[in-house]
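K.L.:
Got a predicted structure here, sequence first:
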Amino acid sequence: MAAFNYFSIAETLEKFRRKEISPVEVITAHLQRAQALQPKLNAFVHLDAESALARARQAEAAMQRGEPLQALTGIPLTVKSCIDVAGWPCPAGSLLRKDYVPASDATLVARLESAGAILLGNTNTPEFLMAYETDNRVSGRTSNPWDLSRSAGGSSGGEAAAIASGCSMGGVGSDGGGSVRAPAHFSGICGLKPTPGRIPATGHFPPGAGAFSWIGVVGPMARTAADLRVLFGVMAGPDASDALSALVSLRPIRAEELRALRIGILESGALCAPTAETQAAVHRAGQLLTEQGFHVEPMKLEGLGRALELWWFFFGPVIGDLIRHSTKGQEESLSPMLREYLAFTAAEPAVTLESFMAACTERDLVRADLLRQLRDVPILLSPVSTAPAFKHGAGNYRAGDAHNYRDTMRYCQWLNLAGFPGLSLPFGQSPEGLPINIQLIARPYEEELLLAVAETLEQSRGPWQKPPQI
């Protein structure tokens, strides 16, 4: 492994400027690492070495001509295999989509490449993205770089494993209930779930439209919050093809604005108790923010219980009904994890037009109430999950189980119902040496504030730690 497999984006670009390394060297090293670790991690669905090296040679030639570097010139990235890249298979973990090859790029893919990024390949997901573990009947199971016996999370588990192990410098995941933030937590990297509409979801499967447009978003993943900020700056912006596209410009955060912030440590009786080490990570983050001059205080948020019930209504019974309808007669092709999810959701009360319309209305009312409570506290601090990465196969939707997703992932899920942005940031380790992340939460369209606070914490925390075993 070359040293620059774990460089940040800024470090890599500076090395390019000084002509200490070249794009061809960087891309070659990342491709070699991806190929070497694929038998262990199984992070990738598709690698396109030929195209990546061709683009690297083009970038190198442009540098030799003296052309200025762009925001992502020569930076090796990956994308989740539910996001369209022209000419690449995009199965979203399903045998029913194994032959789907998009003819055009998703909007965010086009933006990354226009900024000079070099896409290496796409990464593994659970089928139709409906689990917090990455395993499917198309490309198999993805393992955690910190401990191969454990899950890398889901649904952006392949992406998290690739970035944490130095196969990719960053990339793109998607999040309908923690699917960016939880894999980032399991694998010890950073992930940003943005406000719906800030990054175009055009070209993502399943499409974010109608009543589900608040639930699922696409977002950047990287090893540092500083790298997340660079990726977000490239990916964000309006898109005529995205119905939720937001005309919100990127804005700088002034130092005086940052220091005046009130930050709440989230409390709610609707959330399950995390491990002692997880609580300690949140407490340490709060202490460091206090030392930096922020006003940090407990913040009890009312209404999260109902927000979580509504999130499950949409993510469980409603989406379950849609999947059952669209896969009717093809049930034998579905993965065991997806069949378990469908069986669990089928046991819920039947969805009616009345119940669906009532839930849509109540979602807006719950969101408005949460916004009112956070009027003077723009940032919250919380766990991402109650525990670190679980063993392969241990996660499920069964009530009462130690790794029941509806309990362990509550800290993530309510944000998707409310449409709030959230950021997962490495901040500790379990007694077994597994990563523990904290979550920073902001009000809608305040990603820049979220990233600024995350970078402040990152600088106080110390350097990012890579997995010791890979």
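P.N.:
Cool, the structure landed.

K.L.:
Going by C-alpha atoms from here, please, whenever you check contacts or count neighbours.
P.N.:
Fine.

K.L.:
Ignoring the adjacent residues along the chain, who's closest to Asp321?
P.N.:
Ala346 (7.6 Å; Cα to Cα, 6 or more residues apart in numbering).

K.L.:
Quick check, that neighbour in contact with Gly320.
P.N.:
Yes: at 7.2 Å, Ala346 counts as touching Gly320 under the criterion of Cα atoms under 8 Å.

K.L.:
between these two, who's got more neighbours?
P.N.:
Gly320 (22 against 17; other Cα atoms under 10 Å).

K.L.:
quick one, what contacts that one?
P.N.:
Contacts for Gly320 (Cα atoms under 8 Å, 6 or more residues apart in numbering) come out as 341-342, 345-346.

K.L.:
swap in Phe7?
P.N.:
By Cα under 8 Å, 6+ apart, the contact list for Phe7 reads Met169.

K.L.:
Do a quick rundown of the helices in the stretch 51-200 of the chain.
P.N.:
Assigned by DSSP state H, counting those that start in this stretch, the helices in the stretch 51-200 of the chain fall at 107-114, 157-164, 181-187.

K.L.:
Redo the ones you listed as CSV? Include distance to Arg137.
P.N.:
Below are the helices of the stretch 51-200 of the chain laid out as CSV (distance: least, Cα to Cα, whole Å):
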stretch, distance to Arg137
helix 107-114, 26
helix 157-164, 15
helix 181-187, 20
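
K.L.:
mind checking which of those is nearest Asp147?
P.N.:
Shortest distance between Asp147 and those, using Cα to Cα, is found for helix 181-187: 9.3 Å.

K.L.:
Show me how far that closest one is from its chain's centre.
P.N.:
Offset of helix 181-187 from its chain centre (Cα atoms, centre = their mean, to the nearest Å): 8 Å.

K.L.:
List of residues touching that helix?
P.N.:
Helix 181-187 has contacts (Cα under 8 Å, 6+ apart) with 132, 144-146, 151-157, 160-161, 164, 175, 190-193, 221, 384-385, 388-389, 409, 412, 422-426, 434-439.

K.L.:
Without its sequence neighbours, what residue ends up closest to Val296?
P.N.:
Ile263 (4.8 Å).

K.L.:
got a list of what the one you found touches?
P.N.:
Residues in contact with Ile263 (Cα under 8 Å, 6+ apart) are 294-297, 377-381.

K.L.:
Counting by contacts, list what the longest helix seen in the chain packs against.
P.N.:
Across the chain, the helix with the greatest residue count (assigned by DSSP state H) is helix 353-373. For helix 353-373, the elements it packs on are helix 304-313, helix 410-418, judged by 3 or more Cα pairs under 8 Å, 6 or more residues apart in numbering; DSSP states H and E.

K.L.:
Deepest-packed of those helices, please.
P.N.:
With neighbours taken as mean count of other Cα atoms under 10 Å, those reach their highest mean count in helix 410-418, at a mean of 27.

K.L.:
Following element in sequence after it, please.
P.N.:
Proceeding N to C from helix 410-418, the next assigned helix or strand is strand 422-429, under DSSP states H and E.

K.L.:
In terms of pLDDT, where does the residue with the shortest distance to the centre of the chain sit?
P.N.:
The centroid of the chain falls nearest to Val180 when counting by Cα atoms, centre = their mean (1.8 Å). Model confidence at Val180, given as pLDDT, is 98.

K.L.:
OK, contacts around it?
P.N.:
Val180 makes contact with 154-156, 173-174, 191-193, 219, 221, according to Cα under 8 Å, 6+ apart.

K.L.:
what about it, distance to Ile27?
P.N.:
To Ile27, Val180 is 24 Å away according to Cα to Cα, to the nearest Å.

K.L.:
Tell me which of the helices and strands packed on helix 353-373 lies nearest to Leu334.
P.N.:
Among the helices and strands packed on helix 353-373, the nearest to Leu334 by Cα to Cα is helix 304-313 (21.6 Å).

K.L.:
What is the distance between the following helix or strand past the closest one and the centre of its chain?
P.N.:
Downstream of helix 304-313, the first helix or strand assigned by DSSP H and E is helix 319-326. From the chain centre to the centre of helix 319-326 is a distance of 24 Å (Cα atoms, centre = their mean).

K.L.:
Can you name the next helix or strand after helix 319-326?
P.N.:
Once the chain leaves helix 319-326, the next helix or strand it forms, by DSSP H and E, is helix 336-346.

K.L.:
Just the CA trace of that following helix, in PDB.
P.N.:
Provided in PDB are the C-alpha atoms of helix 336-346 (Å, rounded to 0.1, in the frame of the first residue of the first chain):
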ATOM      1  CA  PRO A 336     -33.100 -13.700   2.500                       C
ATOM      2  CA  MET A 337     -32.600 -10.300   4.100                       C
ATOM      3  CA  LEU A 338     -35.200  -8.700   1.800                       C
ATOM      4  CA  ARG A 339     -37.600 -11.500   2.300                       C
ATOM      5  CA  GLU A 340     -37.300 -11.200   6.100                       C
ATOM      6  CA  TYR A 341     -38.000  -7.400   5.800                       C
ATOM      7  CA  LEU A 342     -41.100  -8.100   3.600                       C
ATOM      8  CA  ALA A 343     -42.400 -10.700   6.000                       C
ATOM      9  CA  PHE A 344     -42.000  -8.400   8.900                       C
ATOM     10  CA  THR A 345     -43.700  -5.500   7.200                       C
ATOM     11  CA  ALA A 346     -46.500  -7.700   5.900                       C
END
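
K.L.:
And the residue nearest to the centre of the chain, how far from Ala92?
P.N.:
The value you get for Val180 to Ala92, if Cα to Cα is used, is 15 Å.

K.L.:
And for Gly177?
P.N.:
Distance, Gly177 to Ala92, by Cα to Cα: 17 Å.

K.L.:
So for those two, which residue has more residues nearby?
P.N.:
The neighbour comparison of Gly177 against Ala92 (other Cα under 10 Å) goes to Gly177, with 31 against 28.

K.L.:
What sits closest to that one if chain neighbours are left out?
P.N.:
Nearest non-adjacent residue to Gly177 (Cα to Cα, 6+ apart): Gln413, at 4.4 Å.

K.L.:
Same check on Pro207?
P.N.:
Ala201 (7.4 Å).

K.L.:
same deal with Arg306?
P.N.:
The shortest distance from Arg306 to any non-neighbouring residue, by Cα to Cα, 6+ apart, is to Val366 (7.7 Å).

K.L.:
so who does that neighbour touch?
P.N.:
If you count contacts by Cα under 8 Å, 6+ apart, Val366 has them with 303, 306-307, 418.
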